[in-house]
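K.L.:
Quick one, fold the following:
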Amino acid sequence: MINVAPAIVVLGQNSVTVARKIITVLPGATLYGLAGRTSGVDVSFTNFGETLRELFVQGTPLIGICAAGILIRTLAPILSDKRQEPPLLAVAEDGSAVVPLLGGLAGVNDLARRIAEVLDVKPAITTTGDLRLGTTLLFPPPGYHLANPDDAKKFISDLLAGAQVKLEGIAPWLSNSKLPIDPKGDLTIQVTEHLVTPTANCLVYHPATIAIAISEIIDDPVALVQQLVAAAKLEKASVAGIFAPITAAADPAIHAVASALGVPARFFTPNQLETLLSQGYSPAQAAAIAATGTSVLSSLSPHVAIAIASQPIDPNTIGQPRGRLAIIGTGPGGSQWMSPEVKEILKSATDLVGYKTYLDLVGSLADGKQRHESDNREEESRAKMALDLAASGRYVAVVSSGDPGIYAMATAVFEVCDRYAKPEWESIDIHVAPGISAMQAAAAAIGAPLGHDFCVISLSDILKPWSAIAQRITAAAEADFVIAFYNPVSKERTWQLAEARNILLQHRTPDTPVVLARNLGRPGQTVKAIALDELAPATADMRTIILVGSTKTRTIKRRDGSIWVYTPRRYTE
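P.N.:
Residues are numbered from 1 along each chain as shown. You can find the predicted model right below:
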C-alpha cells in the first residue's frame, strides 16, 4: 500500500482536467504545474528537471501526464537501487494510456490499475510475475504485510520456473490468483497474525486483523500495549488500528500508541457501544469487539483489550476519526498570500465552512470539499456548525480572510466553545492557522507605516458600544500610536469614520498621512495615501483597511508620482 501522497506533474493546461480526475482516487495528491502554462494547480514550478528529481529523491510517487521519454531521460542519471525507487508512471495527455515505468517493488502496478480504472482504460503492465501469477507477491494489497521481502525474488523465480506452492491461512487475493497452489508444494505462503520465523522457501504475510482497544488514560501506554501483544505472541504488523470510545479521543495515550504502531486511531460513539456495554463488556472490550465483530482475545489490563477479526479490517471504515477543526486565514486576497500550512489544511479538509466570498477565494483548493456557506454576520451559528461537523469525525476548515484571529472566526469558535461547552466538542482537535492580515498587506503595499508602535481598532459598534471605541481612539491618539482601522464604513454605519477623524484631529495635524487600501490582493485593488483632514465616509467601505500615521510617520514622494509611507523606528526628541 502506498502511504505517501503522489505528485501529479503537468506541463500544459490541457492536462489539468485529466490530473483532477486522477486526484479523485488519490486523495492528498498534489498537482504540480509548469508556471506560465498552467493555472489552477497546487504548486507552480519553473524547472521541470529539478522539480522531478527532487520529488523522486524524496520518495514521492510520481505521475507525469506527459511522454514517457521525458520522464525517463530526466530521472535516468539518478537511478540506482530499484528497492528504493518510488512509483513512476506516465499518463497520456488525453488519459488514453497509463504506463508504469519504475517502482515495481513499491506498488507502481497497483497505482497504475487505480488510475486506469478512473480513466476507463487498461494499464500497460509488463511485469512478468504480475501477468503470469495474477498478483504481485512483493506488493500485497492493503490489509497485508510481507514479512520477508528479501526472500521474495528467488521465491517468485522458482514459481515462474515451475515450482508449486502450498497456502497456509486465508487470503482471497492469493487463493483467487493464478498461483500454482498445491497442498504438497515445495514452497509455502503463510498468512498469520502470529509471530513466526520466515525461511527462504516460505513467504509470510501478516493480515491486518488485530484491533487494540483502550478506554482510559494509562501509564506508559506504548510499553504496556507492546507487552500485551508480545504476551499473546502476536505480530505488531497485523495491528489494524487503535480503537476507543469517543470520550477518550483527546487522550494523548491513545494517539501515542497509534503513532508508535503506525496505525490510525478510531473512535466509537456511545450509541455504537451501548448494546455491548449492556451485555457486561468493559468499554475497552466493547470497542475491540465492535471493531472486529469477534470476541475478545486478550484483556490482561482493565483498560486495554485485543481482538482478532477473521479477515483484514479497514480501520477507515470503522467508527470515526478524531474530529479536527482548523480555523484558517487565507490572507486578504489571492492564493499567493496563503501560507503553505493553510494550503495543506485546505487539501486535507473534508468540509469548508465560511462566508461565500471567502470560500470563493480558496479557488481550486475547494474542489471535492463539502461547502457550508452562510451570511457574514452569522458567526455564532457558523462556529456551532463547524464544531458539530468536527465532532462527527470530519476534518473541518473554517475559512476567514486575512488572519483568523483578528476580528474573525477564531475568536467566534472559542467564544462558542466557552459559552455552550457541549461534551462532544471535547474530543475535537482544534488548531488555528494564521494568515497575512489586511493591515500587514496594506502596509507592505505602500511602504512601512507600521514600522513602529501601532494598535488596531474596529470601528464597528455592532458588538461593542461606540463609547468604548471613542475612548480607545482617544487613548491611542494621545499615546501617538499608528492606528489601523478595520470595518470603517458599511451601508448602515457611515458616521463613525467621521467621528474617528474628528477625535484624531485633536491630537494629529491635518496633513498626517492616512493610507486607504481597498480590495487587497483581489481584482480592483487600490492603495493610496491622503491627508487626515481628507478622510471621510465616502473614501472607504467594508473592503477598505485604513492606516492612520502617528506624529512621526513620514512620506516619500517619488519621481513617478507614487508615494512611500513609513514610520521611523527611532524616535528623536
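K.L.:
Can you list the low-confidence ranges for the stretch 101-250 of the chain?
P.N.:
Along the stretch 101-250 of the chain, the parts satisfying pLDDT under 70 run over 105, 127-134.
K.L.:
Which parts of it are strands?
P.N.:
With DSSP state E, counting those that start in this stretch as the criterion, the stretch 101-250 of the chain has strands at 144-146, 165-168, 187-191, 202-207, 210-214, 239-245.
K.L.:
which of those sits most buried?
P.N.:
strand 210-214 (a mean of 30; mean count of other CB atoms under 10 Å). Bear in mind the C-beta positions are built from the backbone N, C-alpha and C, glycine included.
K.L.:
Mind putting the strands of the stretch 101-250 of the chain into CSV with distance to Glu492?
P.N.:
Putting those into CSV (distance: least, CB to CB, whole Å) gives the following:
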stretch, distance to Glu492
strand 144-146, 63
strand 165-168, 75
strand 187-191, 70
strand 202-207, 64
strand 210-214, 54
strand 239-245, 49
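K.L.:
Who are the contact partners of the residue nearest to Lys369 when sequence neighbours are not counted?
P.N.:
Leaving aside its chain neighbours, Lys369 sits nearest to Leu352 (4.9 Å; criterion: CB to CB, 6 or more residues apart in numbering). By CB atoms under 8 Å, 6 or more residues apart in numbering, the residues touching Leu352 are 346, 359, 362, 366, 369-372, 396-397, 399.
K.L.:
most neighbours, which of those?
P.N.:
Val399 (33 neighbours; other CB atoms under 10 Å).
K.L.:
give me every residue that touches that one.
P.N.:
328, 330, 352-355, 358-359, 361-362, 409 are the contacts of Val399 under CB under 8 Å, 6+ apart.
K.L.:
ok, of those residues, which one's closest to Ile65?
P.N.:
Among those, Val362 lies closest to Ile65 (CB to CB), at 23.7 Å.
K.L.:
Would you mind measuring from the closest one to Tyr355?
P.N.:
Per CB to CB, to the nearest Å, Val362 is found 12 Å from Tyr355.
K.L.:
cool, and Ile72?
P.N.:
For Ile72, the distance to Tyr355 - CB to CB - is 48 Å.
K.L.:
More neighbours: which of these two?
P.N.:
Tyr355 (20 against 15).
K.L.:
any idea how far Asn47 lies from Ala19?
P.N.:
Taking CB to CB, one finds Asn47 at 19 Å from Ala19.
K.L.:
the more surrounded of the two?
P.N.:
Between Asn47 and Ala19, counting by other CB under 10 Å, Ala19 is the more crowded of the two (24 against 11).
K.L.:
quick one, what contacts the more buried one?
P.N.:
By CB under 8 Å, 6+ apart, the neighbours of Ala19 are 8, 10, 31, 65.
K.L.:
in its sheet, what does the strand or helix carrying the third one sit against?
P.N.:
Secondary-structure assignment from DSSP states H and E places Leu31 in strand 30-34. Strand partners for strand 30-34, identified by DSSP bridges, are recorded as strand 7-10 (parallel), strand 43-45 (parallel).
K.L.:
Give me whichever of those is most buried.
P.N.:
Of these, strand 7-10 is the most buried (mean count of other CB under 10 Å), at a mean of 25.
K.L.:
so how far is whatever helix or strand comes next after that strand off the chain centroid?
P.N.:
Following strand 7-10 in sequence order, the next helix or strand is helix 16-23 (DSSP H and E). Chain-centre distance of helix 16-23: 19 Å, with CA atoms, centre = their mean, to the nearest Å.
K.L.:
cool, and stretch 223-242?
P.N.:
Using CA atoms, centre = their mean, the offset of stretch 223-242 from its chain centre is 29 Å.
K.L.:
how long is that stretch end to end?
P.N.:
In stretch 223-242, first residue to last residue: 14 Å (CA to CA, to the nearest Å).
K.L.:
List the buried residues for that stretch?
P.N.:
Buried residues in stretch 223-242, counted by 16 or more other CB atoms under 10 Å: 224-225, 228-229, 232, 234-242.
K.L.:
repeat for stretch 174-190
P.N.:
Buried, per 16+ other CB under 10 Å, within stretch 174-190: 174, 177, 179, 185, 187-190.
K.L.:
got TSV for the residues you listed, with distance to Trp425 too?
P.N.:
Formatted as TSV, the buried residues of stretch 174-190 follow (distance: CB to CB, whole Å):
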residue	distance to Trp425
Leu174	46
Ser177	48
Leu179	51
Gly185	57
Leu187	55
Thr188	52
Ile189	48
Gln190	47
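K.L.:
now, which of these sits nearest Arg559?
P.N.:
Once CB to CB is applied, the member of the buried residues of stretch 174-190 that ends up nearest Arg559 is Ser177, at 77.2 Å.
K.L.:
Now Val39: which helix or strand?
P.N.:
To be clear, residue 39 is Ser; Val isn't right here. Following DSSP H and E, one finds Ser39 outside all helices and strands.
K.L.:
Touching, it and Leu31? I think so.
P.N.:
No. Using CB atoms under 8 Å, Ser39 is not in contact with Leu31; the gap is 11.1 Å.
K.L.:
Many thanks, have a good one.
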